[in-house]
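Chemist: Please find the sequence and the predicted model below.
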Amino acid sequence: MNNKKTHQPRKEPINKFQKRQLLRSGLTRHAMTIKEANSVKSTIYDLPEKAIEETRQVLVYHIKERLKQHSKHVGNVHIMVNCTESQFFGVFKGHIHNYYPRTGNYKCIFKGVDSYSTLSHILGDDNCGAKYFLQHQKTFVLTYQLPSNPSNHPDPLQKSCLYQESDPLQEPDPLQELHLCQEPDPLQEPDPLQDQTLMHAARKQRTRKPKPIQIVIGWKRKSKSDVRNIVYSSGFAFINFTISRTKVVDNLY
């Protein structure tokens, strides 16, 4: 029996020059991908500016319709709007991140501190992602969230899908609080299977990373057919974003 170990060739570490070369080539490929995504395709036709403006207004309408006053409406939202490829390209040309030739789908990603101002400029509406209500309440599209700092006190009125809190305008349920504070029975033997399940769930929750705060807007074509294989299709613009709530304090001075 041969117990000799086969020695694998040792890989040479990458030096700083090679790292710069790889970074430069990666940036070049990324720039070429964005340039290709924003190039005019043969399936796109020119639209008058009035038609593009009407498409912007339709998108703003559907976004603001999902901004509700109650806290149960906060969190992740998915919207689909009938839209042709030419309409979508006319609105978002220059801001498209990905184009998939096989399916013909487009995708735009807006994230960071300037994402809301960029999207407002594209849609031509400074209030495209905000709606105001009575009692100084505001529901808005969450585009950026500061890194959590334990030394700072969180805003109890801030709502998001990552940190879901109870509605401050709603009275707490005393029966629910009693159930949460209830201690286990010391005379009852613990269930080892239940302990393993709880440990597995806790471990999975620790390793789960929070979803990034961003707005994803894209376009895709959906096709369907009937029993006679008669195909019909339509294009749709889809928008994925996160809804949050806060209270607005007007400065009277």
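Modeler: Looks like it arrived, so ask away. Numbers count the residues shown, from 1 in each chain.
Chemist: dump the residue contacts of residue 105.
Modeler: Contact analysis of residue 105 by CB atoms under 8 Å, 6 or more residues apart in numbering lists 99, 218, 219, 220, 221. Backbone N, C-alpha and C define where each C-beta goes, glycine included.
Chemist: Residue 76 too?
Modeler: Neighbours of residue 76 in contact, by CB under 8 Å, 6+ apart: 161, 211, 240, 241, 242, 243.
Chemist: how about those residues, which pair is most distant?
Modeler: Spatial extent of these (CB to CB) is set by the pair 211 and 243 at 13.7 Å.
Chemist: Comparing these two, which residue is more hemmed in?
Modeler: Counted by other CB atoms under 10 Å, residue 211 and residue 243 do not tie: residue 243 has more neighbours, with 23 against 10.
Chemist: which SSE is the more buried one in?
Modeler: Assigned by DSSP states H and E, residue 243 falls within strand 231-247.
Chemist: So which elements touch that strand?
Modeler: helix 49-65, strand 75-82, helix 85-92, strand 137-142, strand 215-225 (3 or more CB pairs under 8 Å, 6 or more residues apart in numbering; DSSP states H and E).
Chemist: Out of these, which is the most enclosed?
Modeler: Highest mean neighbour count among those (mean count of other CB atoms under 10 Å): helix 85-92, with a mean of 22.
Chemist: Who are the packing partners of the helix or strand following that one?
Modeler: Later in the chain than helix 85-92, the nearest helix or strand by DSSP H and E is strand 98-100. In terms of contacts (3+ CB pairs under 8 Å, 6+ apart), strand 98-100 is packed against helix 16-37, strand 105-110.
Chemist: returning to that earlier point: let's have the helices and strands packed on strand 231-247 in TSV, adding distance to residue 131.
Modeler: Below are the helices and strands packed on strand 231-247 laid out as TSV (distance: least, CB to CB, whole Å):
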stretch	distance to residue 131
helix 49-65	6
strand 75-82	13
helix 85-92	21
strand 137-142	5
strand 215-225	16
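Chemist: Could you save these as JSON lines and add columns showing mean pLDDT?
Modeler: Shown next, in JSON lines, are these (pLDDT from 0 to 100):
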{"stretch": "helix 49-65", "mean pLDDT": "97"}
{"stretch": "strand 75-82", "mean pLDDT": "94"}
{"stretch": "helix 85-92", "mean pLDDT": "97"}
{"stretch": "strand 137-142", "mean pLDDT": "93"}
{"stretch": "strand 215-225", "mean pLDDT": "96"}
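Chemist: thinking again about what came up before, for the contacts of residue 105, which one is nearest residue 51?
Modeler: Among these, and counting by CB to CB, the member closest to residue 51 is residue 219, at 15.8 Å.
Chemist: Show the contacting residues for the closest one.
Modeler: Here residue 219 is in contact with 83, 85, 88, 89, 105, 106, 235, 236, 237, 238 (CB under 8 Å, 6+ apart).
Chemist: Double-check the third one against residue 238; I have them as touching.
Modeler: Looking back up the chat, that one is residue 88. No - Residue 88 lies out of contact with residue 238 (CB atoms under 8 Å); the separation is 10.0 Å.
Chemist: Low-confidence bits of the stretch 51-200 of the chain, can you list those?
Modeler: 146-200 (pLDDT under 70).
Chemist: rerun at 90
Modeler: 69-74, 135-136, 143-200 (pLDDT under 90).
Chemist: how about the helix or strand containing residue 117: buried residues?
Modeler: Residue 117 is part of helix 115-123 when elements are defined by DSSP H and E. Judged by neighbour count (16 or more other CB atoms under 10 Å), helix 115-123 contains these buried residues: 115, 116, 118, 119, 120, 122, 123.
Chemist: now swap in stretch 30-50 and tell me
Modeler: Of the residues in stretch 30-50, those buried (16+ other CB under 10 Å) are 34, 37, 38, 44, 47.
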